[in-house]
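In: Quick one, what's the 3D model for this:
(chains A, B, C and D)
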Protein chains: 2
Amino acid sequence: MSGLRIGALAKRTGTNAPTIRYYEEIGLLRSADRQAGGQRVYSDADVKRLTFIRRCREFGFSIEQVRSLVELVQDPTQSCVHARDLAHEHLIAVRAKLAELKALERSIAAFVASCDASCAGGPGPECVILDDLSKRRIEVPSTLEGRRSTCGTCS
Amino acid sequence: MSGLRIGALAKRTGTNAPTIRYYEEIGLLRSADRQAGGQRVYSDADVKRLTFIRRCREFGFSIEQVRSLVELVQDPTQSCVHARDLAHEHLIAVRAKLAELKALERSIAAFVASCDASCAGGPGPECVILDDLSKRRIEVPSTLEGRRSTCGTCS
DNA sequence: GTACCCCCTGAAGTAACTTGAGGTTCAAGC
DNA sequence: GCTTGAACCTCAAGTTACTTCAGGGGGTAC
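Out: Numbering: from 1, shown residues only, chains lettered A, B, ... in the order given. Here you go, the predicted structure:
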């Protein structure tokens, strides 16, 4: 009933206008009603649906997954357990990514630490650490443990 | 020395061939030497460089960042402290992403848990949990309490 | 009426590759 | 010497999820 135009809808949902048009184009949002001049008008239902979509996207669901969820939300014949399963599947993926990212964090932290410890400004081509990146694994030796204290700037 | 062709280089570095050609195209790898028949030949130096590039990419550096690092590794006038700073900057970004992902994990886990708790198979459009995704925040306590009964088949 | 912002469409750009089509080269077996 | 099949070549287009651009129209306030 509010009769929002695209900019207002964008503001309310934290989206931006071209993205909304894009969602319409790919059929994630219904084709919006138009004013006399051709400008899109949206209702509260649209705010709700777009909010749903954006939240799902923030959750890392792909457009196609969001499409399933949106359909599910509107199809009275489908069980919401479906959504739960989709979410659960996604949870597993997120946890895997989380583990990877943690490993990555450790590696980079080690890299920075060993730079601080043993490369105090030498030229790039002679840098031992950089050279190590060209080798199979970056596994930083345990000797680092002892040298970590030399690092002034790193936490 | 070894005279690898693209497939062998790919295998050794865990890349695939089109990606190697792509790296050449964007100037991340030098233009490879060619055999009489036009097929690319690579040396150990190329193995090393590509390994470096792949490792950096695994670290989540963008192509442009990798480009800087590669240049740095080969430019005798630049200090490797540069690389350390780039890595440190990147570490901060990774940590931020890590925090976000952790929050995400908690949210999805909560979603799945509350699905398990209160929606044992009701139809999608009436699912309280899905409905909540259309609201501003997913934090659900009081609303859930009051409307739990609306979900037809919910226990 | 005119200033100015918001809106429109269609096309192209973005990252970092991947995939496909259609043709060539290489190495091995006969 | 010939054939076969894998590996290679180039160029073009596809992928995801948008963003940016160009060139114009609509809405409203003064």
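
In: so where do the strands sit in chain A?
Out: A:4-5, A:33-34, A:40-42 (DSSP state E).

In: from those strands, which stretch is densest packed?
Out: Mean neighbour count (mean count of other Cβ atoms under 10 Å in any protein chain shown) peaks for strand A:40-42 among the strands of chain A, with a mean of 20. Yep, even glycine has a C-beta here, placed from its N, CA and C like the rest.

In: Who are the packing partners of that one?
Out: strand A:4-5, helix A:6-13, strand A:33-34 (3 or more Cβ pairs under 8 Å, 6 or more residues apart in numbering or on different chains; DSSP states H and E).

In: In TSV: the ones you listed, plus mean pLDDT and distance to A:Arg106.
Out: Converted to TSV, the helices and strands packed on strand A:40-42 look like this (pLDDT from 0 to 100; distance: least, Cβ to Cβ, whole Å):
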stretch	mean pLDDT	distance to A:Arg106
strand A:4-5	94	47
helix A:6-13	95	37
strand A:33-34	95	53
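
In: Could you tell me which residues of chain A lie near DNA strand C?
Out: A:Arg5, A:Ile6, A:Gly7, A:Ala8, A:Ala10, A:Ala17, A:Pro18, A:Arg21, A:Ala32, A:Gly38, A:Gln39, A:Arg40 (Cβ under 7 Å from any atom of the strand).

In: give me the residue from chain A nearest DNA strand D.
Out: A:Gly37 (2.1 Å; Cβ to the nearest atom of the strand).

In: Counting neighbours, what do you get for that residue?
Out: For A:Gly37, the count of nearby residues is 5 (other Cβ atoms under 10 Å in any protein chain shown).

In: Now it. Its backbone dihedrals?
Out: Here is the backbone geometry of A:Gly37 (degrees, to the nearest 10): phi -80, psi 0.

In: How much space separates the residue positioned nearest the centre of chain A from chain B?
Out: Centroid check for chain A by Cα atoms, centre = their mean gives A:Gly60 as the closest residue, at 5.5 Å. Distance of A:Gly60 to chain B, computed by Cβ to the nearest Cβ, to the nearest Å: 6 Å.

In: Next up, the contacts around that residue.
Out: Taking Cβ atoms under 8 Å, 6 or more residues apart in numbering or on different chains, we find A:Gly60 in contact with A:His90, A:Ala93, A:Val94, B:Leu104.

In: Now do the residue nearest to the second one when sequence neighbours are not counted against A:Ala10, distance only.
Out: For A:Ala93, the nearest residue in space outside its immediate sequence neighbours is A:Gly60; the separation is 7.9 Å by Cβ to Cβ, 6 or more residues apart in numbering or on different chains. From A:Gly60 across to A:Ala10, the span is 21 Å (Cβ to Cβ, to the nearest Å).

In: now do A:Leu69
Out: Taken as Cβ to Cβ, the span from A:Leu69 to A:Ala10 is 21 Å.

In: which of those two has more neighbours?
Out: A:Leu69 (23 against 18).

In: Same list, the helices and strands packed on strand A:40-42, but as TSV with distance to chain B please.
Out: Listed next are the helices and strands packed on strand A:40-42 as TSV, based on distance: least, Cβ to the nearest Cβ, whole Å:
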stretch	distance to chain B
strand A:4-5	16
helix A:6-13	10
strand A:33-34	20
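
In: Quick one: closest of the ones you listed to B:Asp44.
Out: helix A:6-13 (53.9 Å; Cβ to Cβ).

In: hang on, the earlier thing: for A:Thr77, which of the helices and strands packed on strand A:40-42 is the nearest?
Out: strand A:33-34 (26.9 Å).
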